[in-house]
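Chemist: can't give you the sequence, but here's the structure:
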Ligand SMILES: [Zn+2]
């Protein structure tokens, strides 16, 4: 690292993706050495137990790489079966003509995780309502 930390209380640095796998290691070293809060994106495949919870504690945010999420269709199918075709929010039938969305049961801000048990399938409009309710609760 070259230069100095600017003499301000808060600053945002936007840093390009790393060029070596050691960059992540050094990021963590600097985070503790300089006692600064660091948040960074990491590929979602790194978030397995116990590495995932550790990375989140260190400031990592799981990031899906570009392109469609290959496992979404399988997850939705599995959850639809578990929910017996009903929306987890309103209890109404989920039809193939409806816009469906995957949603966290317990929102991430409220401590919800990425594990299967914390996922549910909702109507798109039910997801919007659920999110709005949660925002009201957290403001
Ligand atoms: Zn619904």
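Modeler: Structure's in. What do you need? No experiment lies behind these values; they were computed from the predicted model shown.

Chemist: contacts, neighbours, all on C-alpha from now
Modeler: Will do.

Chemist: and the residue most central in space within the chain, what element?
Modeler: By C-alpha atoms, centre = their mean, the chain has its centre lying nearest to residue 62, at 5.2 Å. Take DSSP states H and E as the rule and residue 62 turns out to sit in strand 60-63.

Chemist: Now do the buried residues in that strand.
Modeler: 60-62 (16 or more other C-alpha atoms under 10 Å).

Chemist: if we can go back for a sec, residue 20 versus the residue nearest to the centre of the chain, what's the distance?
Modeler: 19 Å (C-alpha to C-alpha, to the nearest Å).

Chemist: next one: residue 100
Modeler: Residue 100 is 39 Å from residue 20, by C-alpha to C-alpha.

Chemist: quick one, which of these two is more surrounded?
Modeler: When residue 100 and residue 20 are compared for neighbours, residue 100 comes out ahead with 18 against 8, by other C-alpha atoms under 10 Å.

Chemist: The more buried one is in contact with residue 126, isn't it?
Modeler: No. Assessed by C-alpha atoms under 8 Å, residue 100 is found out of contact with residue 126, at 9.2 Å.

Chemist: follow-up on the earlier one: which residues sit against the strand holding residue 62?
Modeler: 39-44, 47 (C-alpha atoms under 8 Å, 6 or more residues apart in numbering).

Chemist: List just the nearest of those residues to the ion.
Modeler: Looking at the contacts of strand 60-63 and their distance to the ion, the nearest is residue 44, at 27.8 Å (C-alpha to the ion).
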